[in-house]
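Engineer: Just the structure for this:
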Amino acid sequence: MRRFPIRFIALVVLVAATAATASVWAAARSVDKGQSLSTSAAAALCKDAGQIAALNGEASPSAIEAVTTTRNDAVHVAQGQGEDVLSKEPVYLVQMQGGFTGYEASVPAGTNLPKGAVMAFTVSVDSGAVLDWGIAAAPADLSTLGPVSHPCAATQPAVR
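Structural biologist: Here you go, the predicted model:
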């Protein structure tokens, strides 16, 4: 019998959970850049944030924020100057704080895995698929992209 590493199994679980929320994303397709999150999108993003944080060594992420934007703008703001993906695809950019280690990162042999206090990821508005992710030392200012929501708030996310 073939044995799979625990990280592989966790990744398969994350993919399956993301697929299970496809109907939530189908209902959210009509969002515009800078639009506030719907209740269903906020719930799905909160779930995604918890799963992605756990896969990267953080059991209880904090200060979870999200904004609706384009993929290019999201990567540019979250990853810094000079980073572009040349895509106008609508995405949710989610940012959270904690202690993260990029266990799924591809790094050269002998190189340490990325670590940081902030993790950001993009989710396709159309499919609900996680498209990009990164770990940083300090949070980005998501308000430069539009109204910032707090998807894991107990009620409809507040916008700042």
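Engineer: ends of stretch 51-60, how far apart?
Structural biologist: From the first residue to the last, stretch 51-60 extends over 10 Å; the measure is CA to CA, to the nearest Å.
Engineer: Show me what the mean pLDDT comes to for that stretch.
Structural biologist: Per-residue pLDDT over stretch 51-60 has a mean of 96.
Engineer: let's have the chain start at 45 instead
Structural biologist: Taking 45 as the first residue, the last one we looked at is stretch 95-104.
Engineer: just how off-centre is that stretch within its chain?
Structural biologist: For stretch 95-104, the distance from its own C-alpha centre to the chain's C-alpha centre is 12 Å (CA atoms, centre = their mean, to the nearest Å).
Engineer: Same question for stretch 82-101.
Structural biologist: Using CA atoms, centre = their mean, the offset of stretch 82-101 from its chain centre is 7 Å.
Engineer: For the residue nearest the centre of the chain, list the residues it contacts.
Structural biologist: In the chain, the residue lying closest to the centroid (CA atoms, centre = their mean) is Phe165, at 2.8 Å. For Phe165, the contacting residues are 92, 96, 137-138, 174-178, taking CB atoms under 8 Å, 6 or more residues apart in numbering as the criterion. Yep, even glycine has a C-beta here, placed from its N, CA and C like the rest.
Engineer: Name the helix or strand for it, please.
Structural biologist: Under DSSP states H and E, the secondary-structure element containing Phe165 is strand 159-168.
Engineer: buried stuff in that strand?
Structural biologist: By 16 or more other CB atoms under 10 Å, the buried positions in strand 159-168 come out as 160, 162-168.
Engineer: out of those, which one sits closest to Ser193?
Structural biologist: Minimum distance to Ser193 across the buried residues of strand 159-168 is 13.0 Å, recorded for Val167 (CB to CB).
Engineer: Verify the stated contact: the closest one with Gln139.
Structural biologist: No - with contact defined as CB atoms under 8 Å, Val167 and Gln139 do not form a contacting pair (12.0 Å).
Engineer: helices and strands around the longest helix seen in the chain, which ones?
Structural biologist: Identified as the longest helix of the chain according to DSSP state H is helix 83-99. Identification of packing neighbours for helix 83-99 by 3 or more CB pairs under 8 Å, 6 or more residues apart in numbering; DSSP states H and E yields helix 50-64, helix 66-71, strand 106-114, strand 134-145, strand 159-168, strand 174-180.
Engineer: tell me the angle the last one makes with strand 134-145.
Structural biologist: Orientation check (axes from the mean of the first three to the mean of the last three CA atoms, to 10 degrees): strand 174-180 against strand 134-145 gives 40 degrees.
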